[in-house]
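Novice: Model the structure of this input:
(one chain, ligands or ions: 1)
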Amino acid sequence: MNGMRNLDEESITQAVLARQSETTNPRLKEIMTSLVQHLHAFARETKLTESEWETAIEFMTDVGHMCSSKRQEFILLSDTLGLSTLVVAQNHRKPQGCTEATVFGPFHVSDAPQYELGGDVSNGMKGKPCFVSGTVTGINGEAVAGATIEVWQADQDGFYDVQNPDLEHYQGRGVLHADASGRFNFKSIVAESYPIPHDGPVGKLLEALGRHPWRPAHLHFMITAPGYERLVTHVFREGDAYLDTDVVFGVRSSLIADWIKHPPGAGPDNQHYDRDFYTLDFNFVLNPCD
Ligand SMILES: [Fe+2]
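Specialist: Residues are numbered from 1 along each chain as shown. Here you go, the predicted model:
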């Protein structure tokens, strides 16, 4: 094609779009057209300098180098820029009454251990004892028998098991199945607020932006059942100091619940506790898929 020489700061955008105009995958073409247009517009609007461009390249390189099988710095970057919440929100517009979705986060693993109902998913993780119970239903109140419930959480110091370099077995995560009436229960520890890992490039960026790295206390849930849309969500702890400034913008009012404190005595598992223990009850409502 002629006209692709002597490109200047105006004509470069159309030249790139013309060059990729033969893209056969229509969705890829749409995404790359928009990406190029926005990226170029961003560079023009900010009058991006060469040294700033280099800084950005170095930053993205550092983000990549920070990633491993146990650390996902790109998800942290997406989460802290609000991109994850935006993508979740525009892909999970649900009928009124369904449990809202929120960000997936970087700490899920695909091979968490299975537990029977009532099992202790903390698996020895440090923290105050907590008993979690609830139901999984559909939008019309029908029980979702046998729903698969994955839960994962941080310990009392705010660390997930996978952040421990000496990890030998998973702690604070598990897979359970609701009973025939959609009920579930398990034992764990109380969730506490925690800073996202901020010893890498995303942490440096947050600091430069004058932002704190904290998330309010929460339990992560992923609930799946045939005939229903997969639900990825959190339950947040009422009263947490960071509910209004979550570093990853994940809080939704409908997902906040009370962790009820009980004095020492008999727990729901009929064991005696000589320290305070907590209970949490939360009902999940799944969106049917057609
Ligand atoms: Fe989390």
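
Novice: Tell me where this structure has helices.
Specialist: Using DSSP state H, the helices of the chain run over 11-19, 26-46, 50-66, 73-80, 83-91, 201-208.

Novice: Out of those, indicate the one that is most buried.
Specialist: Among these, helix 73-80 has the highest mean neighbour count (mean count of other C-beta atoms under 10 Å), at a mean of 21. (Glycine included, C-beta is placed from N, CA and C.)

Novice: what does it contact?
Specialist: 63-64, 66-67, 84-85, 103-106, 196-197, 200-202, 205-206, 211, 247-250 (C-beta atoms under 8 Å, 6 or more residues apart in numbering).

Novice: Same check on stretch 263-271?
Specialist: 118, 129, 131, 133, 185, 187, 272-277, 279.

Novice: in it, what's buried?
Specialist: Gly267 (16 or more other C-beta atoms under 10 Å).

Novice: so how far is that stretch from its chain's centroid?
Specialist: 32 Å (C-alpha atoms, centre = their mean, to the nearest Å).

Novice: now swap in stretch 28-41 and tell me
Specialist: Mean-position distance between stretch 28-41 and its chain equals 26 Å (C-alpha atoms, centre = their mean).

Novice: what's the answer for stretch 79-92, then?
Specialist: That offset, for stretch 79-92, works out to 10 Å (C-alpha atoms, centre = their mean).

Novice: One more: stretch 87-106?
Specialist: Put simply, stretch 87-106 sits 11 Å off its chain's centre (C-alpha atoms, centre = their mean).

Novice: Now do the buried residues in that stretch.
Specialist: So for stretch 87-106, counting by 16+ other C-beta under 10 Å, buried means 88-89, 92, 98-106.

Novice: What separates the first and last residues of that stretch, distance-wise?
Specialist: Counting by C-alpha to C-alpha, to the nearest Å, you get 15 Å between the two ends of stretch 87-106.

Novice: Identify the residues contacting it?
Specialist: In contact with stretch 87-106 (C-beta under 8 Å, 6+ apart) are residues 71-72, 75-76, 79, 84-85, 139, 220, 222, 229, 231-234, 248-252, 254-255, 283-287.
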